[in-house]
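Asks: give me coordinates for this.
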Amino acid sequence: MRGGETPAGHMEHDTIISAKIHFQKVTSVKKRQPTTMNLCRLLSIWTLAVGASAKGPLTDDADDEGTPFKHFLAFNSNQTCASDSHAMPFNNQIRGVNLGGWMVLEPWITPSLFYQFLGGDETNTAMDHYSFCEVLGPEEGNKQLKRHWESWVTEDIIKELADSGAVNSLRVPVGDFMFEPYGPYIGCTDGALDYLDTLLDWAHAYGLSVLLDVHTQKDSQNGFDNSGQTQGFQWTSRISNYPRGLTTFQHWPIRAAHWIGDFDSEAVNYTNINHDNIAHSLRAIDHLVDRYSGHPAVLGVEPVNEPWELTPIEALKTFYWDAYLIVKKKAPYWKFIMHDSFRFTPETWGGFMKGCPDRALDTHIYQAWMDPSSRLTFYNNACAQKQQIALMEREFGPVIVGEWSLATDNCAMWLNGFNDNLPGFPRSPCKYIPCSLPYMGSDQPGTPVDPGAALQGPYGTGISGPSFGLCPVDRDWMTERYNSAESGSNWMSSPPEAPRGRDGTDEVMSLLALKKISAFSGIGHGFYFWNFRTDLYNPQWSYLLALERGWIPKGDLNDERIMNSCHREDVGAFVCEANREAPEETVKNGISYALGEEKKDSAYVDKLEGEPLYSEGDAVFDEFWKSHRATGATCDFGGAALLKEENVTHTDEYYSDDYYNAVEVKEFATWKIVLLVVIGTLVGSLTGFALAMKLSPKFSRRVRSSTILRPVTRSTVFRQSFGNMLEPGLQGYAGISMD
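Replies: Next up is the predicted model:
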């Protein structure tokens, strides 16, 4: 079925779901008080639902016998399932990429679409998909979007991904507005589903499955621009008149998300649940399933992307359950993927939807927001993820890493919003390269970027944007000069762009990619890399560029090189030690933090100083890091600690990864350097003396007549060595005097 058609046979099921949404009890959340008209409407719906309750109980019921589905029984009373026939077991590992920035706009992925808003004000600036359509209007917005849809994802790109041998699935972010239009999206996004239809046909032709990820929700599920609409936003231009008039705004300090209810930023909780928004989201899913349930390329659906960590968890679980039943009613073989709401813990998800087939948990693991550190920190952090993934596989079930990248910094332009940045980011100076030409053609307004213009407004609370034709991208990694610096502090003073001959980015990224692939697929059910491409040249975020650079290997991703890439980290070959170059106060603060997290007394730390302090730091830091690295802890402690490889003897198997030492340069002893300098100086001096004696008569006379050098010039050795270099008649041979 196409578009918004709803088969009559599902009307009763939808009525039950709608009634359940309105009357679902949500723990610790105050319900919105309905008006008299709404109450009458809800009561009438509830009456219909009660009449159909024989189909399956809607509230807690000890006599719940379960609602039969094609392959299982669903128990509404406790949101679990039974009698799973395992018709479609989740046996195949996913090796995928995201087609981000296509159906749902994100300025940092496709800045060429948003350059036209540089220098704008409150009335003509767009910074997400919602405001893009709002500012441009349906006609111009749709014109630009169609040009974008045609050029950002092409059949050649899908073929290239399939031919790489490293991709078997695509995660495609789609908008809820594509299936249930509202607001400025109406008219602006016309035709989007036709392009999505074509993409699914391409994927099927090249043997790729597709996960449809509902990336946006009405009123935003997280406040990010990737939700379609930035929420928690305020223009502040009125208070930016001095020293010069600027167009300014703030977002991050007041971020909010109103999809699931009204958020109170002062109390930091929700005061009610927005049942209308939830009903809208379920209708969008219903239309999506109607349209694509019969398409052979569709793997399944993810009903909401990244609901933020403050979302009421019981309300979110109820939404997941209701969406799951809609999907399974019409597409019994689809996978149902749920984002973890940034709470990847057994306490949150353990036992949820137990026994229900085809469900999986999606978690997003990025290193771009970590503090700057050595390469070893990023290697260890990547490999440590497999422990938490293994735990969640045991406590919940299948886990997919739905988003990850190779970025180790926050430099990608507009990563934290159009002309904005998260306070305190980026954590290190960024590399700048020429801004790219528009991928959709020269007709795109606002392109190319003006090479004569400095950073343009409007200005957020942070800085990120093009300046004089240059755009910020991820930093380079430097090759380490000595083995001892592999875990040292070279990265602290490294420039954002590596000098010629010192760029170690290829080596670091290659090894990091191997370790991440090993961690995400070796234990869990696979991954989707974010993203398949970027407008700017930023291979840390572009799967196609990473393949081109050789960072991600083509072909079978189950080869031995990948499977063994975390060997060192897995056997615990690293220790977290106190940084001897850090001030004592920094080390004390780090120790106090670690002890405080463990609820241990730290009063004694103030009395320590010198080596006893650093030795105590060695013990505390290493114990804490090894205990918590599986949940994302790093060996940093505010600069008080760093990772070092243990001084142990290794077998040849330990060095099975040929890439690990590729960035190291063997240390050359200082005494050897001094000796070479001395020898070189002596040889050079003697050679210069000999040439001067032969070529300069004046110099030879001065040497011969020098009182100081007379004992030397009269010696037999000197006469035999340099006699033929003296002036004729003065050689001192055959009894001729040199006096």
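Asks: from now on I want contacts and neighbour counts done on CA atoms only, so please keep to that.
Replies: Will do.
Asks: low pLDDT regions in this structure?
Replies: Residue ranges of the chain with pLDDT under 70: 1-62, 481-492, 572-573, 629-634, 643, 645-669, 704, 708-710, 712-714, 717-739.
Asks: give me the helices and strands touching the longest helix seen in it, please.
Replies: Longest helix in the chain, counting residues (DSSP state H): helix 670-695. Applying 3 or more C-alpha pairs under 8 Å, 6 or more residues apart in numbering; DSSP states H and E, one finds that helix 670-695 makes contact with helix 697-705.
Asks: need the CA coordinates for the helix it packs on. PDB is fine.
Replies: Provided in PDB are the C-alpha atoms of helix 697-705 (Å, rounded to 0.1, in the frame of the first residue of the first chain):
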ATOM      1  CA  PRO A 697      99.900  29.600  -0.800                       C
ATOM      2  CA  LYS A 698      99.300  32.400   1.600                       C
ATOM      3  CA  PHE A 699      97.600  30.000   4.100                       C
ATOM      4  CA  SER A 700     100.500  27.500   3.700                       C
ATOM      5  CA  ARG A 701     103.100  30.200   4.400                       C
ATOM      6  CA  ARG A 702     101.300  31.300   7.600                       C
ATOM      7  CA  VAL A 703     101.100  27.700   8.800                       C
ATOM      8  CA  ARG A 704     104.800  27.300   8.100                       C
ATOM      9  CA  SER A 705     105.800  30.500   9.800                       C
END
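Asks: how far off helix 670-695 does that helix point, in degrees?
Replies: Interaxial angle, helix 697-705 versus helix 670-695 (axes from the mean of the first three to the mean of the last three C-alpha atoms, to 10 degrees): 110 degrees.
Asks: use 247 as the first number from now on
Replies: Fine by me, first position is 247 from now on; the one you just mentioned is helix 943-951.
Asks: report the buried residues of stretch 789-806.
Replies: 789-793, 797-799, 803 (16 or more other C-alpha atoms under 10 Å).
Asks: JSON lines please, covering those and showing distance to S651.
Replies: JSON lines is the format used below for the buried residues of stretch 789-806 (distance: C-alpha to C-alpha, whole Å):
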{"residue": "Y789", "distance to S651": "9"}
{"residue": "L790", "distance to S651": "12"}
{"residue": "L791", "distance to S651": "12"}
{"residue": "A792", "distance to S651": "10"}
{"residue": "L793", "distance to S651": "13"}
{"residue": "W797", "distance to S651": "12"}
{"residue": "I798", "distance to S651": "11"}
{"residue": "P799", "distance to S651": "15"}
{"residue": "L803", "distance to S651": "16"}
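Asks: now the longest helix of the chain, how far from the centre of its chain.
Replies: Centroid separation between helix 916-941 and its chain, computed with C-alpha atoms, centre = their mean, to the nearest Å, is 55 Å.
Asks: nearest spatial neighbour of the residue nearest the centre of the chain, skipping sequence neighbours?
Replies: Geometric centre of the chain, nearest residue: Y612, 3.6 Å, by C-alpha atoms, centre = their mean. In space, and not counting its chain neighbours, Y612 is closest to W650: 5.3 Å by C-alpha to C-alpha, 6 or more residues apart in numbering.
Asks: same deal with W448?
Replies: E401 (6.5 Å).
Asks: wouldn't the one you found be in contact with H450 here?
Replies: No. At 11.6 Å, E401 does not count as touching H450 under the criterion of C-alpha atoms under 8 Å.
Asks: contacting residues for F775?
Replies: Residues near F775 by C-alpha atoms under 8 Å, 6 or more residues apart in numbering: 342-344, 648-651, 789.
Asks: dump the residue contacts of the nearest residue to it once chain neighbours are set aside.
Replies: Once flanking residues are discounted, F775 sits nearest to V343: 4.4 Å by C-alpha to C-alpha, 6+ apart. Going by C-alpha under 8 Å, 6+ apart, V343 touches 413, 415-417, 773-778, 789.
Asks: so where does V343 fall, helix or strand?
Replies: Per DSSP states H and E, V343 falls inside strand 340-344.
Asks: pull out the buried positions in that strand.
Replies: 340-344.
Asks: one more: stretch 543-558?
Replies: For stretch 543-558, burial by neighbour count (16+ other C-alpha under 10 Å) applies to 543-554, 556-558.
Asks: hey, C-alpha coordinates of that stretch in CSV?
Replies: The C-alpha trace of stretch 543-558 is given here as CSV (Å, rounded to 0.1, in the frame of the first residue of the first chain):
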residue,chain,number,x,y,z
ALA,A,543,14.9,-4.9,0.8
VAL,A,544,13.4,-3.7,4.1
LEU,A,545,15.1,-5.2,7.1
GLY,A,546,12.9,-3.5,9.7
VAL,A,547,12.2,-0.2,11.4
GLU,A,548,13.6,2.0,14.2
PRO,A,549,10.6,4.0,15.5
VAL,A,550,12.6,6.9,17.0
ASN,A,551,16.2,8.0,16.8
GLU,A,552,18.1,9.1,19.9
PRO,A,553,15.3,10.1,22.4
TRP,A,554,17.4,12.0,24.9
GLU,A,555,18.4,10.7,28.3
LEU,A,556,15.8,12.7,30.2
THR,A,557,12.9,11.0,28.4
PRO,A,558,10.5,9.3,30.9
